[in-house]
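Asker: Prediction below, plus the sequence it came from.
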Amino acid sequence: MSKQQLIDFIQHILPMPVAKAELISAYFTEIHFAKNDFVLQEGQVSSHSYFLESGCFRVYSIDVDGNEVSTEFFTAPIIANDFLSFFKRIPATDNIVALTNCVCWKISFDDLQICFHTIPEFREFGRMMLINNYSRLKQRMLGMVQLTAEQRYQKLIEVNPELFQQTALKNIASYLGITDTSLSRIRKELVKK
């Protein structure tokens, strides 16, 4: 399979000569996940970071009552991982599962370090990814505080409409911080409008 989508993604995040993007992409190897496969389980140390070429991952934690709570969704094209576990080399506190059949390109922690130390463009690419991930996290945190449940739902539809075809509504409800019943009510009210 061609790495063209990965190369295009790298150049989209940080414009650079094609040869440099190809050099970076050479450190990635193809991997496939079937629907419901675990990409990472709680307690494991994340050993790879993934470029998700097609498909969708769900990240979830188990709350104090034993319920699964969705904390993130990764929808292609995106770099996906438990970044805290990966970079700090500590056990993951979340689980990552494939919601669909997924095509990915993985890079190991060691190869990523080689890229950081030998390819200046990769350092800048990494910095841009860090900024993008921080921005996503900050927007999510602020959304949980500043937006109503209905506004959070509408924003999710705007930003990630395909997600609604890829996961159960209970997973979306937990991600939005509401019950399944509340999500059903919000959906019915929006249809009326």
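Answerer: Arrived safely, thanks for sending.
Asker: Which of the three states applies to the spatially most central residue of the chain?
Answerer: Nearest to the mean C-alpha position of the chain, by CA atoms, centre = their mean, lies residue 74 at 2.9 Å. State at residue 74, reduced to three classes by DSSP: H, G, I helix; E, B strand; the rest coil: strand.
Asker: Next, the contact list for the closest residue to it other than its chain neighbours, please.
Answerer: Counting by CB to CB, 6 or more residues apart in numbering, residue 74 lies nearest to residue 80, which is 3.8 Å off, once chain neighbours are set aside. The C-beta positions use only the backbone N, C-alpha and C, and glycine is treated the same way. Counting by CB atoms under 8 Å, 6 or more residues apart in numbering, residue 80 touches 39, 49, 50, 51, 52, 57, 74, 96, 104.
Asker: Next, residue 80: phi, psi?
Answerer: phi -130, psi 140 (degrees, to the nearest 10).
Asker: mind starting the numbering at 48 from now?
Answerer: Will do, 48 is the new start, and the previous item becomes residue 127.
Asker: if we can go back for a sec, show me the contacts for the residue nearest to the centre of the chain.
Answerer: Counting by CB under 8 Å, 6+ apart, residue 121 makes contact with 99, 103, 104, 106, 127, 143.
Asker: Check residue 50 too.
Answerer: 69, 72, 75, 152.
Asker: 10 Å - rerun?
Answerer: With contacts defined as CB atoms under 10 Å, 6 or more residues apart in numbering, residue 50 is in contact with 56-57, 68-69, 71-73, 75-77, 98, 100, 152.
Asker: out of the residues you listed, which are inside strands?
Answerer: 76, 77, 98, 100, 152 (DSSP state E).
Asker: partner residues bridging the closest residue to the first one other than its chain neighbours?
Answerer: Counting by CB to CB, 6+ apart, residue 76 lies nearest to residue 153, which is 5.9 Å off, once chain neighbours are set aside. Bridge pairing for residue 153 (DSSP bridges) gives the partners residue 76, residue 97.
Asker: Thought residue 96 was touching residue 153, still the case?
Answerer: Yes. Between residue 153 and residue 96 a contact is recorded at 7.0 Å, counting by CB atoms under 10 Å.
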